[in-house]
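Colleague: 3D model of this:
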Amino acid sequence: MVNLFGKQDMERPKNLINNRSFWYHSIIWIIYLAGALWLKLGWFTFFMEHTAGYLLIAVSIVAFLLFYNVEHSKPKITAWYLIFLFLGYTVEWLGVHKGIIFGNYSYGSALGIGIDQVPLAIAFAWPMVSLMSINLFSGFKLPLIVFVFLVAFVSTMFDYLMEPAAVFLNYWTWEENIPVSNYLAWFILSGGMAFVGKTIGLFKVKSEGLVHSLFFAQIVFFILVLVYVR
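Modeller: Numbers count the residues shown, from 1 in each chain. Next comes the predicted model:
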């Protein structure tokens with residue numbers, strides 16, 4: 001009997017099934033697409049309201065570990081990540097308690113446990129967003145100023161897209177309109193940390209494509225929340 005598809009074509013589905021990377025990417029997309037669908041249908045709302053913060057922390061740690069795996073200097077990428085965590089928490093604490101930088105806002109219960117009214121998840125969000133943005137441009141031979149600007153711009157645009165969805169999801173609420181200083185803070189801090197990282201020799205090599213899925217799956221999730229859910 002003649003094989004109409006050829007041996008190589010017959011082996012492709014089998015190879016795909018055995019490909020760990022394929023399943024990792026699939027799990028990420030399934031989690032976020034299912035989350036949007038559940039919100040639309042009103043399913044598992046209690047579960048989603050009490051796991052969103054932990055999912056955010058997990059994604060941040062996964063993004064860090066993917067970079068840790070490819071960076072030559074493990075101590076440098078670890079220090080960079082931990083410092084960014086601290087800075088992220090600090091600016092959020094100042095925003096919540098002093099009303100500076102971000103304006104007047106408060107966190108809801110969806111992001112889980114926190115320290116002094118600041119959810120731990122939001123501290124992890126700062127390096128997470130920057131690492132996902134950095135991965136879009138690392139590996140390219142870009143001038144430092146261009147690299148820093150692109151990372152800062154993409155990180156800020158991610159926050160711009162996330163803000164209305166986050167309010168709907170009870171991540172946080174604003175007492176007034178979102179101030180420009182909020183986006184300026186994202187631009188400066190993410191760009192500054194990208195500059196520091198590049199200066200100390202990090203981000204020369206692109207991390208695994210899994211970071212792209214973490215980035216774009218969240219973008220699609222926020223868009224679905226804004227367009228179809230709320």
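Colleague: Quick check: the residue nearest the centre of the chain vs residue 98, distance?
Modeller: With distances taken as C-alpha atoms, centre = their mean, residue 129 lies nearest the centre of the chain, 4.0 Å away. Applying C-beta to C-beta, to the nearest Å, the value for residue 129 to residue 98 is 23 Å. All C-beta spots, glycine's among them, are computed from the backbone N, C-alpha and C.
Colleague: Let me see the contact set for residue 64.
Modeller: Residues in contact with residue 64 (C-beta atoms under 8 Å, 6 or more residues apart in numbering) are 77, 81, 127, 128, 131.
Colleague: which among the residues you listed gets closest to residue 200?
Modeller: Within these, the smallest distance to residue 200 is 9.4 Å, found for residue 77 (C-beta to C-beta).
Colleague: who touches the closest residue to that closest one other than its chain neighbours in this structure?
Modeller: Leaving aside its sequence neighbours, residue 77 sits nearest to residue 71 (C-beta to C-beta, 6 or more residues apart in numbering; 4.3 Å). Residue 71 makes contact with 77, 202, 203, 205 under the criterion C-beta under 8 Å, 6+ apart.
Colleague: pLDDT wise, what is residue 4 at?
Modeller: What the model reports as pLDDT for residue 4 is 41.
Colleague: ignore the last one, residue 17
Modeller: 54.
Colleague: ok so, going back, how near is the residue nearest to the centre of the chain to residue 34?
Modeller: Between residue 129 and residue 34 the distance is 22 Å, computed by C-beta to C-beta.
Colleague: Over to residue 147?
Modeller: 35 Å.
Colleague: again with residue 103
Modeller: Taken as C-beta to C-beta, the span from residue 103 to residue 34 is 33 Å.
Colleague: Residue 205 too?
Modeller: 32 Å.
Colleague: Neighbour count: these two, which is higher?
Modeller: residue 34 (14 against 11; other C-beta atoms under 10 Å).
Colleague: which residues touch the more buried one?
Modeller: For residue 34, no contacting residues are found, by C-beta under 8 Å, 6+ apart.
Colleague: Surely it is in a helix?
Modeller: Yes - counting by DSSP: H, G, I helix; E, B strand; the rest coil, residue 34 falls inside a helix.
Colleague: Let me see the confidence value for it.
Modeller: On the pLDDT scale, residue 34 gets 90.
Colleague: Chain neighbours aside, what residue packs nearest to residue 163?
Modeller: residue 178 (5.8 Å).
Colleague: A strand includes the one you found, no?
Modeller: No - counting by three-state DSSP, residue 178 is not part of a strand but coil.
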